[in-house]
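> Need coordinates for the below:
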Amino acid sequence: MSFQFFHPYETPNFIAALVMFLWIPFVFWLFRAFPSQRAIVIAFITGALFLPEAQLIIPGFPDYSKISATSYAVLFFTFLFDGQRIRQFRLQWLDMPMLVWCLCPFFSNLSNDIDLYDSIAFTLEQTMKWGVPFFLGRIYLSDLIGLRYLAIGIFAGGMVYIPLCLFEMRMSPTLHIMLYGGFPHSMFAQAVREGGYRPTVFTGHGLILSFIMITALTVGVWLWKTGILREIFRIPMVIAIPVFLLTDIFLRSTGAYITLAVALALLFSSVLIFRSNLAAYLVIGAVILYLYLVIVSDPPRITDNIIDFLSKYVSPERIGSLQFRFDNEALLLEKAKLRLLLGWGGFGRNFVTNEVGQATTVVDSLWIITIGSLGLVGLTALLSSVFLPVIALINTKCPIKVWDRPEFAAPGVLALVLLMYSVEILVNAPVLPHLTLVVGALTGYVLSPSRRNYPVAPRGKLVVPGSTGTVA
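Presented below is the predicted three-dimensional model:
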């Protein structure tokens, strides 16, 4: 048994180990102190933002890590105190992509002659990272009130992170080192950008932090626009949103700037002007078309076109970084095509290596990791898990034209967050359980029998029982 960071160069300190071991009793306290919906939202968002980037490796069991710790705790207390909710769960068609995504590692490993024990271990790890958050969102947060708690929680988590981001912008990304004894990834130099520092706080990388913050800001803007929130932590939204925006600007992530601007433009234009579902289909179509062109082309010309276009507007340093990603992805994709259906399985077999077995490529994006290790089956399952709930949502209970109504603002903006995530995995590899919680919650909401959980209110009026439009 060993306790270590996700990179081998430093060892977590006593505080990191203590926090990880105390996390389960903390989640127990949350369930005792708050209603179950709020407890789950607080647990997953707090875990994503504040647990150390470390893992406890126990032979014979899935790793106990930042990503899986909340899943272990919440699932355990659900079995212990709320077993009836689990017994009432029924598998339905919209659950199938996530089921395939969780089981795919087992068959990918077996197809590569990896032994049964390791295949089961890989599958359990995948299930704890993805399947359990999906399942918990599905059974706990699948009504409009649960979705609203989740949306507010995402924005509140971003608000809490603002002073921590500002600190690291000035003092360098040192909070994880100061509290937990080490840097969360192996390349501190990547935190130096454009004459300043790109904050990391307690996330795995500055790029992951940037994505968390831009999605939180997007959610906050829409909750404010639709009248759901007038203040948060006793700070008026008219102050909170500009401060949040300025913080995001200084995160020094070009990709995050582009994603945020496009997401807000699509949100406001689609809801307030065109009142159409077209924008959602355009994003989904663009992601699928990009992956198709990259996979079937040899070499993938679309990446050259992207570089040529962006080089007119983006600094040479950023273009060089993007070109480096594309070059490595081309090498990884070439190997992935040798086992295209089910991939190479786990344990780094998808990497390109030299004659002594050392990896010679850098893996940045989740899609290339997925197609390399789990093949087209895994990549299709991942994309279907993200896209199908959004498609079902906008075609049944919550078309884009009603997202400006307070009762539908939360599911609407959370669907947008999933579309943002589908773009993010083309360039980065964030595994964020609180967003998998969103996938499960939207899936459960779409599959719920009632059309609405409470009557439609006039615009600008809140309808959640007991809501005051504030978060204290």
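> low-scoring stretches of this structure, by residue?
Along the chain, segments meeting pLDDT under 70 span 1, 6-9, 59-60, 186-187, 189, 194, 450-472.
> how about a cut-off of 80?
1-10, 57-63, 185-195, 298-300, 318, 356-357, 450-472 (pLDDT under 80).
> In it, where's the longest helix?
helix 366-395 (DSSP state H).
> Mind giving me the packing neighbours of the very next helix or strand once past it?
Using DSSP states H and E, the helix or strand that follows helix 366-395 in sequence is helix 406-424. The helices and strands touching helix 406-424, judged by 3 or more CB pairs under 8 Å, 6 or more residues apart in numbering; DSSP states H and E, are helix 144-171, helix 206-225, helix 254-268, helix 278-296, helix 366-395, helix 433-447. Placement of C-beta: from N, CA and C, glycine included.
> got the angle between helix 406-424 and helix 254-268?
150 degrees (axes from the mean of the first three to the mean of the last three CA atoms, to 10 degrees).
> List the contacts of the closest residue to residue 31 other than its chain neighbours.
Closest residue in space to residue 31, ignoring its immediate chain neighbours: residue 39 at 4.8 Å, by CB to CB, 6 or more residues apart in numbering. Contacts of residue 39 were listed using CB atoms under 8 Å, 6 or more residues apart in numbering, and they are 27, 30-31, 33.
> And the helices and strands packed on helix 406-424: which comes nearest residue 90?
Of all those, helix 433-447 sits nearest to residue 90, with 9.1 Å by CB to CB.
> Could you list every helix and strand in contact with that closest one?
Helix 433-447 packs on helix 36-50, helix 66-81, helix 96-111, helix 132-140, helix 144-171, helix 366-395, helix 406-424, going by 3+ CB pairs under 8 Å, 6+ apart.
> Distance from the longest helix of the chain to the middle of the chain?
13 Å (CA atoms, centre = their mean, to the nearest Å).
> for that helix, which positions count as buried?
Neighbour counts over helix 366-395 (16 or more other CB atoms under 10 Å) mark 366-394 as buried.
> what's the answer for stretch 54-71, then?
For stretch 54-71, the neighbour count (16+ other CB under 10 Å) marks 54-56, 62-71 as buried.
> out of the residues you listed, who's nearest residue 322?
residue 67 (26.5 Å).
> got the contact list for that closest one?
Contacts of residue 67 (CB under 8 Å, 6+ apart): 128-129, 431, 433.
> again, only using 10 Å
Residue 67 is in contact with 6, 47-48, 51, 53, 55, 125, 128-130, 133, 204, 431-433, 436, counting by CB atoms under 10 Å, 6 or more residues apart in numbering.
> Most neighbours among those, which one is it?
Per-residue neighbour counts (other CB atoms under 10 Å) across these peak at residue 133, which has 29 neighbours.
> for the contacts of residue 67, which one is nearest residue 85?
residue 133 (15.5 Å).
> burial measure for the residue nearest to residue 40 when sequence neighbours are not counted, as a count.
Leaving out its chain neighbours, the residue that sits closest to residue 40 by CB to CB, 6+ apart is residue 140, at 5.3 Å. Residues near residue 140, counting by other CB under 10 Å, number 25.
> go on, the one 4 residues further on?
The burial metric for residue 144, expressed as a neighbour count using other CB under 10 Å, is 24.
> how much space between it and residue 30?
Residue 144 sits 22 Å away from residue 30, going by CB to CB, to the nearest Å.
> Let me know whether residue 303 touches residue 324 as I believe.
No: applying CB atoms under 10 Å, one finds residue 303 not in contact with residue 324, separated by 11.5 Å.
> gap between residue 81 and residue 32?
Using CB to CB, we find residue 81 at a distance of 9 Å from residue 32.
> sorry, that was for residue 284
41 Å.
> residues making contact with stretch 17-24?
Under CB under 10 Å, 6+ apart, the answer for stretch 17-24 is 3, 11-12, 26, 43, 46-47, 50-52, 54-56, 64-66, 69-70, 72-74, 76-77, 179-181.
> ok, 7 Å please
By CB atoms under 7 Å, 6 or more residues apart in numbering, the residues outside stretch 17-24 that reach it are 3, 51-52, 54, 56, 69, 73.
> For burial, what's the neighbour tally of the closest residue to residue 224 other than its chain neighbours?
Excluding the flanking residues, the one nearest residue 224 by CB to CB, 6+ apart is residue 237, at 4.3 Å. Residue 237 has 22 neighbouring residues, counting by other CB under 10 Å.
> contacting residues for residue 237?
224, 229-231 are the contacts of residue 237 under CB under 7 Å, 6+ apart.
> Same question for stretch 175-187: list its buried residues.
175-177, 180-185.
> mind saving the C-alpha coords of that stretch as CSV?
Below are the C-alpha coordinates for stretch 175-187, written out as CSV (Å, rounded to 0.1, in the frame of the first residue of the first chain):
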residue,chain,number,x,y,z
LEU,A,175,-1.1,26.4,-2.4
HIS,A,176,-1.0,22.7,-3.2
ILE,A,177,2.7,22.7,-2.2
MET,A,178,2.1,24.6,1.0
LEU,A,179,-0.8,22.5,2.2
TYR,A,180,-0.1,19.1,0.7
GLY,A,181,3.6,19.0,0.2
GLY,A,182,4.0,18.9,-3.5
PHE,A,183,3.0,20.3,-6.9
PRO,A,184,0.0,18.6,-8.5
HIS,A,185,1.8,17.8,-11.8
SER,A,186,5.4,17.3,-12.9
MET,A,187,6.0,20.5,-14.9
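> Okay, residue 423 and residue 322: tell me how far apart.
14 Å.
> Ok, residue 155 next?
Residue 155 is 30 Å from residue 322, by CB to CB.
> Kindly report the same for residue 409.
Applying CB to CB to residue 409 and residue 322 gives a distance of 34 Å.
> Look at the two and report which has more neighbours.
Remark: of residue 409 and residue 322, residue 409 carries more neighbours, 27 against 19, as counted by other CB under 10 Å.
> hang on, the earlier thing: looking at residue 81 and residue 32, which one has more neighbours?
Between residue 81 and residue 32, counted using other CB under 10 Å, residue 81 has the larger neighbour count: 13 against 10.
> Tell me who's in contact with that one.
Residue 81 touches residue 31, counting by CB under 7 Å, 6+ apart.
> got a list of what residue 217 touches?
158, 244-245, 248, 260.
> how about a cut-off of 10 Å?
Residue 217 touches 154-155, 158-159, 240-241, 244-245, 247-248, 256, 260, 263-264, counting by CB under 10 Å, 6+ apart.
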